[in-house]
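Q: I would like the atomic coordinates for the input below:
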Amino acid sequence: MPITGRPKKLSLLVTDVERAEWVRLTKRGRVNRALAFRARLVLACADHLTDTAVARRYRTTNATVGKWRTRFIARRLEGLYDEPRVGAPRTVSDDAVEAVIVQTLETTPTGATHWSTRTMAQKAGISHTLVGRIWRTFGLKPHLTRSFKMSPDPQLVAKVRDVVGLYMNPPTNAVVFAVDEKSQIQALQRAQPILPMDLGTPERRTHTYLRNGTLDLFAALNVATGEVIARCKPQHRAQDFVRFLRAIDAHVEPDVAVHVVLDNLATHKAPPVHRWLLRHPRFQLHFTPTYGSWLNLVERFFAVLTERALKRGSHTSVSQLRDAILAYVAAHNDNPKPFRWTKTADEILDKMRRFGTRTLQVHGA
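A: A predicted model of the protein is given here:
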């Protein structure tokens, strides 16, 4: 006699590893919602509930519960993941994509310096959204540009190793200062009052201003402690730099050697400075390469000073600007934190070598 009716359902058994995996998926905040739903269905079936009871609990149909129960029994954990789909057929050929990339890299539009998605779309005969997708896929950003400057200093390698060596392996019984001048700081007074921040409204200030003079800031950053010695001067002449060296000398114990990292400004090599150094042999100057101010750690302090104390300020006089600068330095020195140099000299020189090689290849040298 033939067997009639629906075939008997296979029993669903879940191992401890599989159960832990599906419980983890149901509790993750960013997991695919469909995958989490399937995991809950399988876990409920594993608790020996009928398809009808599971469907009623999760407000779905018996067919859906049976589908994922069968898929799990047949393929285990992999059975509940979405299968890859072929998608719609492509409408743009590889040659068309290659043409967009080549034109973006090797040409410019008539009368302009760089392509936009719409000018390239008009040139290639495709939509601007497709041009955007091609550019994003291959990392092309015609709208962006960055500046660079390769140092022509013949002693580049030696100076990089010298300065980075001081940062990463300072000598014993010595203190290392990164010294520089921030020149021509303007005392800018906003033409209209600054409107303070309010609930739902940021601080607002006018872009117009009045100039009330300038001053120069001499700063020495203690590389080990982060403490800053600062002096404000009307100018940055050689005699002003000598006075600043005297301030550093008075700040450091007499029996400690002083290493000073600074740039190649003519003021730092003037005869008055040379004579002062001869009278103070414990001072040793270490010059950064030409166009290598990025090696001077005090530049990082200048950036923070500008962002936090100068950029949004309004100063009616040079003396008010001086007070604002010195107040920020004093607050910084109350809780100083050193800037940590992490790149070794070999890593820096190797990166410069790769960049130089790539640049020469682009220009066919």
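Q: can you pull the contacts of the residue lying closest to P170 once chain neighbours are set aside?
A: With Cβ to Cβ, 6 or more residues apart in numbering as the criterion, P170 has its nearest non-adjacent residue at 5.1 Å, and that residue is V176. Backbone N, C-alpha and C define where each C-beta goes, glycine included. Listed by Cβ atoms under 8 Å, 6 or more residues apart in numbering, the contact partners of V176 are 166-167, 170, 222-224, 259-261.
Q: Can I get the buried part of those residues as one PyMOL selection?
A: PyMOL command restricting the contacts of V176 to the buried ones, with burial defined by 16 or more other Cβ atoms under 10 Å:
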select buried, resi 166+167+222+223+259+260+261
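Q: Mind giving me the packing neighbours of the helix or strand bottoming out on mean pLDDT in the chain?
A: Here the helix or strand of the chain ranked lowest by mean pLDDT, DSSP states H and E is helix 16-27, holding a mean of 73. Under the contact definition 3 or more Cβ pairs under 8 Å, 6 or more residues apart in numbering; DSSP states H and E, helix 16-27 sits against helix 33-46.
Q: Just the C-alpha atoms of whichever helix or strand comes after the helix it packs on, please, in PDB.
A: Where DSSP states H and E defines the elements, the next helix or strand beyond helix 33-46 is helix 51-57. C-alpha atoms of helix 51-57 as PDB (Å, rounded to 0.1, in the frame of the first residue of the first chain):
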ATOM      1  CA  ASP A  51       6.900  25.200  12.500                       C
ATOM      2  CA  THR A  52       3.500  26.700  13.300                       C
ATOM      3  CA  ALA A  53       4.600  27.800  16.800                       C
ATOM      4  CA  VAL A  54       7.800  29.300  15.500                       C
ATOM      5  CA  ALA A  55       6.000  31.100  12.800                       C
ATOM      6  CA  ARG A  56       3.400  32.500  15.200                       C
ATOM      7  CA  ARG A  57       6.200  33.600  17.600                       C
END
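Q: What helices and strands are in contact with the helix or strand following helix 51-57?
A: In the C-terminal direction, the helix or strand that comes right after helix 51-57 (DSSP H and E) is helix 62-75. Applying 3+ Cβ pairs under 8 Å, 6+ apart, one finds that helix 62-75 contacts helix 33-46, helix 51-57.
Q: residues of helix 62-75 that come out buried?
A: Within helix 62-75, judged by 16+ other Cβ under 10 Å, the buried ones are 64-66, 68-69, 71-73.
Q: Equivalent analysis for stretch 196-216, please.
A: 209, 212, 215-216.
Q: and the least confident of those residues?
A: Note: of those, the lowest pLDDT belongs to Y209, at 89.
Q: Bridge partners for that residue, pull those for me.
A: Using DSSP bridges, the bridge partners assigned to Y209 are R190.
Q: quick one, strands of the stretch 201-350 of the chain?
A: Under the criterion DSSP state E, counting those that start in this stretch, the stretch 201-350 of the chain contains strands at 209-222, 228-233, 257-262, 283-287.
Q: nearest to W135, of those strands?
A: strand 209-222 (39.1 Å; Cβ to Cβ).
Q: Listing request: residues of the chain with sub-threshold pLDDT.
A: The chain contains residues with pLDDT under 70 at 1-14, 27-31, 78-86, 360-365.
Q: tell me the domain boundaries of it?
A: 16-80, 96-138, 156-196+205-348 (automatic domain parsing).
Q: Dump the ones you listed to a markdown table, plus distance to P89.
A: Formatted as a markdown table, these follow (distance: least, Cβ to Cβ, whole Å):
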| stretch | distance to P89 |
| --- | --- |
| domain 16-80 | 25 |
| domain 96-138 | 14 |
| domain 156-196+205-348 | 47 |
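Q: looking at those, which is closest to S147?
A: domain 156-196+205-348 (11.3 Å).
Q: end-to-end on that closest one?
A: 11 Å (Cα to Cα, to the nearest Å).
Q: Which residue, other than its chain neighbours, is closest to R161?
A: A345 (4.4 Å).
Q: so that neighbour touches G165, yeah?
A: Yes: taking contacts as Cβ atoms under 8 Å, A345 lies within contact range of G165: 6.8 Å.
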